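1. Predicted structure and sequence below. I'll ask about it afterward.
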Amino acid sequence: MTAYIARRLLGAIPLLIGIATLIFVVMHIAPGDPTVTLFSPQVPPGLIEQMRELWGLDQPLHVQYFKWLAGVFTGDFGYSYTQGRPVMEIIVDALPQTLVLTLCALVLVFALGVLIGAYQGVRQYSTGDNVLSVLALFFYSMPSFWLGMMLALIFAQKAHQWGWPIAFPVSQPTSVDYDLLSFGGKIVDRLRHLALPVTTLTLALTAGVTRYTRSQMLDVIRQDYIRTARAKGLPERTVIMRHALRNSLIPVITLLGLYLPFLFSGAVFVEHIFAWPGMGRVIVGAINQRDYPVIMATSFFFSVLVILGNLLADVLYAWADPRIRHE
Amino acid sequence: MSDSPGRDPLRSEPGAVSPAMIAASAVIPGVGHVLAGRRQQGALLMTAWLLAVTLAIGAWSRIAAVPATGSADDWIAVGTLLAMLLSVWFAGTIGLARSHGGHSANRDSQVSDAWRRFRRSRTAMAGLAAIVILYAVVLLTPLIAPYDPGARVGDLAQVRLLPPSREFLLGTDRLGRDILSRILHAGRISLTIGFVATAISIFVGTAIGAIAGYAGGRIDTTLMRFTDIVLSFPRLVLLILIVSLFGRSITVLILVLGLTQWPSTTRIVRGDVLSIREREYIMAAQALGFGRVRIIMRHVIPNVLGPVIVAATLGIGNTIVLEAGLSFLGLGPPSPTPTWGVMIEGGRDVLLSHWWVATFPGFAIVAVVLAFNLVGDGLRDALDPRLR
């Protein structure tokens, strides 16, 4: 198992270099450079040149490329053009916020998706199955940013207006008076702020897991060993939970890796709507201000997270299914 | 035709078609079908005919103005209306006459086989109907839209952010523009972007996948490694990056959406090609001395088209959502062009006080994407050989 993990980790290195290169290429074949934001009649002519020199843009491309690669491996992404602090510091601030959001959503997506999918698989073509299928497709077809806005409209504003007992906050991870709250109050406050963003992400992504689990369950239930289990008189509950569900869950693990890019894309929108200070907001802000080092670093981190997620999924898969790791 | 093999007993003709019925259909298409006992088809044809004629009469003043002042879009709308009228009329008359003899010529072909299974799914047919109606509505927009999408409908102080009413069915936005008209016009842009971008991605994806799968070896490794790199880049981030660096325009949007979607198609195609490459008929083609290009084009690609068509249908929905997302982040087509994403973005600031501005364009997206997903699912089931 250790050898397998080591092999996979080594295999990820060329992929990382490839991604770092892709980011560099995209940034440099684009017309214009970061100094375009400085052009204005008030700027003295020499200043642009000075800034280019300061930011290292006057150096030959290959030098810039190797500097960027070296930075990638040492974790030194330079200084932000607009915030005047190290890029790494910005990311260290923003990454945990995104991780909290996405991890909560990820757990819910898979828990709900597997539960609902398994139920649908067992009760194929029942009313419950049909209703859930249509519902899943409905949420699947919804843009997550619009869903987030609708949730905010209903569960924050209208809930308040109609006097529902619970209304949720719609911006920032904490309330203004967060520091004054007791320990328990702080936890409740955080959870309340997480509620709508996490619900948005979960609703938008659960459908895929549900559908996949359902079809896996349908495949497994027709297998001979399920008939054997039933034939030897095991209670239906045991057959489903122990024999069918466990085996149909193995391929679901692969979805974990496939889902991360969607999760992060969703997070970009959700952070935008709910004023959540995570990576998504950082990258959108940086792009609007042409803050090249921040753009490059955040794109790179997003890709690293995706690769790590894929790796984790592969390792889990190998752990769950011995046939894979001995190949 | 009488010796056509085994007429489907389930589709036995309810009644013979007489010339009188065809004549009746020539006056009002569909009547003949009803008389011949095909009520459903008849009702459908009559409804379509009624709608098209009503539209032609109702929008007559606009149609009459087209030759003098019309833009390309106006001409397309008039053409669509004409095509609608003609096709319904011909379906009512000639279609009815033809069906008399039975049209079982290619009943056993793969396509008609898949179509028969597709038709069995009620949800998929509903999705298909929705898509046909949506495209018709979008093409007919210049004749249907109640107001000019770009201009405010009256004095700004009085028509700004009006709630839905009889006059403005879906209300007006911050600049006093009619939301319904804007949704209709935006639909054309969104559907076009979705369609063209998906076409590009399917073309590129199929080409790369087929080459990688068929060539194998180093070419395969290189191409698939590149595909992996693109796949592990969160697509939205890549899109934001490229659109913001290369400028916002519909062309850039289409290209970028098309050129970032291909990896998933490539994977599907390559996987299928790998197994097809080992089949006997490919060996036979090789033994006959056909060139590589010919084998790929004539023998490999037609056999992977099923999953590709499914991917394309689902891809259109996906692309429309992404395009809306980019517009929402301020990276859509530049200002006067309405898209659904731009409209939702415009309603974001006033969401809590004027909910209709952002809500209705979202429903439009959901409707379109849902329709494409339903059809995609239906196609997947219809084309899946395991379910045969």
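-> Okay, I see it.
2. Which helix runs longest in chain A?
-> Ranked by residue count and defined by DSSP state H, the top helix of chain A is helix A:183-221.
3. what is the mean pLDDT for stretch A:180-200?
-> For stretch A:180-200, mean pLDDT is 89.
4. got the contact list for it?
-> Applying Cβ atoms under 8 Å, 6 or more residues apart in numbering or on different chains, the set of residues contacting stretch A:180-200 from outside is A:100-101, A:104-105, A:108, A:144, A:147-148, A:151-152, A:155-156, A:168-170, A:172-175, A:178, A:266, A:270-271, A:273-274, A:276. No exception for glycine: its C-beta is placed from N, CA and C like everyone else's.
5. B:Val368 - that's part of a helix, no?
-> Yes. Under DSSP: H, G, I helix; E, B strand; the rest coil, B:Val368 sits within a helix.
6. Residue 163 - how many residues pack around it?
-> All of this is about chain A. Using other Cβ atoms under 10 Å in any protein chain shown, A:Gly163 has 7 neighbouring residues.
7. think we crossed wires, I meant chain B
-> 11.
8. How about B:Trp115?
-> 12.
9. need the contact list for it.
-> Residues near B:Trp115 by Cβ under 8 Å, 6+ apart: B:Ala382.
10. Please report the distance of it from B:Ala124.
-> 11 Å (Cβ to Cβ, to the nearest Å).
11. which residues are in contact with both of the two?
-> Joint contacts of B:Trp115 and B:Ala124 (Cβ under 8 Å, 6+ apart) are B:Ala382.
12. Tell me which residues touch the closest residue to B:Asp349 other than its chain neighbours, please.
-> Excluding its sequence neighbours, the residue lying closest to B:Asp349 (Cβ to Cβ, 6 or more residues apart in numbering or on different chains) is B:Arg174, at 7.9 Å. The neighbours of B:Arg174, taking Cβ under 8 Å, 6+ apart as the test, are B:Arg160, B:Leu161, B:Gly346, B:Asp349, B:Val350, B:Val357.
13. Can you tell me the number of residues neighbouring the residue lying closest to B:Gly150 once chain neighbours are set aside?
-> In this structure, B:Gly150 finds its nearest non-sequential neighbour in B:Pro336, 5.6 Å apart by Cβ to Cβ, 6+ apart. Neighbours of B:Pro336 under the rule other Cβ under 10 Å: 7.
14. wait, is B:Pro336 part of a strand?
-> No. In this structure, B:Pro336 is coil, not part of a strand, as judged by three-state DSSP.
15. Verify the stated contact: it with B:Asp148.
-> No. Judged on Cβ atoms under 8 Å, B:Pro336 makes no contact with B:Asp148 at a distance of 11.3 Å.
16. And B:Asp155, how close does it get to A:Ser215?
-> Using Cβ to Cβ, B:Asp155 is found at 57 Å from A:Ser215.
17. More neighbours: those two, which one.
-> A:Ser215 (15 against 9).
18. Which pLDDT value belongs to the more buried one?
-> Reported pLDDT for A:Ser215: 87.
19. can you check B:Gly6 too?
-> In this model, B:Gly6 carries a pLDDT of 44.
20. and if you look at A:Thr98?
-> 93.
21. how about B:Gly205, what does it touch?
-> B:Gly205 touches B:Gln261, B:Trp262, B:Pro263, B:Ser264, B:Thr265, B:Thr266, B:Ile268, B:Val269, B:Val308, B:Ala311, counting by Cβ under 8 Å, 6+ apart.
22. Helices - which of those land there?
-> Going by DSSP H, the helices hold B:Gln261, B:Trp262, B:Pro263, B:Ser264, B:Thr265, B:Thr266, B:Ile268, B:Val269, B:Val308, B:Ala311 from these.
23. any idea which of those residues has the most stuff around it?
-> B:Val269 (29 neighbours).
24. ok, and the closest non-adjacent residue to it?
-> That would be B:Gly209: by Cβ to Cβ, 6+ apart, it lies 2.9 Å from B:Val269.
25. what's the helix or strand for that neighbour?
-> For B:Gly209, the host element (DSSP states H and E) is helix B:179-215.
26. May I see the buried residues of that helix?
-> Going by neighbour count (16 or more other Cβ atoms under 10 Å in any protein chain shown), the buried part of helix B:179-215 is B:179-191, B:193-198, B:200-202, B:204-214.
27. Same question for stretch A:4-22.
-> For stretch A:4-22, by 16+ other Cβ under 10 Å, it's A:Tyr4, A:Leu15, A:Leu16, A:Gly18, A:Ile19, A:Ala20, A:Leu22.
28. Among the contacts of B:Arg174, which one is most surrounded by other residues?
-> Busiest of the contacts of B:Arg174 [other Cβ under 10 Å] is B:Val357, holding 23 neighbours.
29. quick one: it and B:Asp173 touch, right?
-> Yes. The pair B:Val357 / B:Asp173 is scored as a contact, 5.1 Å apart, by Cβ under 8 Å.
30. Which neighbours do the two have in common?
-> With Cβ under 8 Å, 6+ apart as the test, B:Val357 and B:Asp173 both reach B:Leu161, B:Ile179, B:Met343, B:Gly346, B:Gly347.
31. So which of these sit within helices?
-> Going by DSSP H, the helices hold B:Ile179, B:Met343, B:Gly346, B:Gly347 from the shared contacts of B:Val357 and B:Asp173.
32. ok, back up a step: now do the residue nearest to B:Gly150 against A:Ile5, distance only.
-> B:Pro336 is 55 Å from A:Ile5, by Cβ to Cβ.
33. Can you tell me which residues in the stretch 51-200 of chain A are near chain B?
-> By Cβ under 8 Å from any Cβ of the partner chain, the part of the stretch 51-200 of chain A that sits against chain B consists of A:134, A:137-138, A:140-146, A:149-150, A:152-153, A:156-157.
34. 10 Å - rerun?
-> Counting by Cβ under 10 Å from any Cβ of the partner chain, the positions of the stretch 51-200 of chain A adjacent to chain B are A:130, A:133-134, A:137-147, A:149-150, A:152-154, A:156-158, A:160-161, A:170.
35. Please report how far the residue in the stretch 1-150 of chain B that chain A sits nearest to lies from A:Ser133.
-> Of all residues in the stretch 1-150 of chain B, B:Thr123 sits closest to chain A, at 7.7 Å by Cβ to the nearest Cβ. The gap separating B:Thr123 from A:Ser133 is 9 Å, by Cβ to Cβ.
36. on that earlier part again, next structured bit after the helix holding B:Gly209?
-> Criterion used, DSSP H and E; the element after helix B:179-215 is helix B:217-231.
37. Between helix B:217-231 and the next helix or strand after that next one, find me the angle.
-> Next along the chain after helix B:217-231, taking DSSP H and E as the criterion, comes helix B:235-246. For helix B:235-246 against helix B:217-231, the angle by axes from the mean of the first three to the mean of the last three Cα atoms, to 10 degrees is 80 degrees.
38. So which elements touch helix B:235-246?
-> Applying 3 or more Cβ pairs under 10 Å, 6 or more residues apart in numbering or on different chains; DSSP states H and E, we find helix B:235-246 packed against helix A:2-29, helix A:246-273, helix A:279-288, helix A:292-320, helix B:250-276, helix B:301-328.
39. which stretches of the stretch 101-250 of chain B have low pLDDT?
-> B:101-109 (pLDDT under 70).
40. tell me which residues in stretch A:105-113 are buried?
-> Here stretch A:105-113 shows A:Ala105, A:Leu106, A:Leu108, A:Val109, A:Phe110, A:Leu112, A:Gly113 as buried, counting by 16+ other Cβ under 10 Å.
41. With secondary structure and pLDDT as extra columns, can I get those residues in CSV?
-> Converted to CSV, the buried residues of stretch A:105-113 look like this (DSSP: H, G, I helix; E, B strand; the rest coil; pLDDT from 0 to 100):
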residue, secondary structure, pLDDT
A:Ala105, helix, 95
A:Leu106, helix, 93
A:Leu108, helix, 95
A:Val109, helix, 95
A:Phe110, helix, 93
A:Leu112, helix, 95
A:Gly113, helix, 93
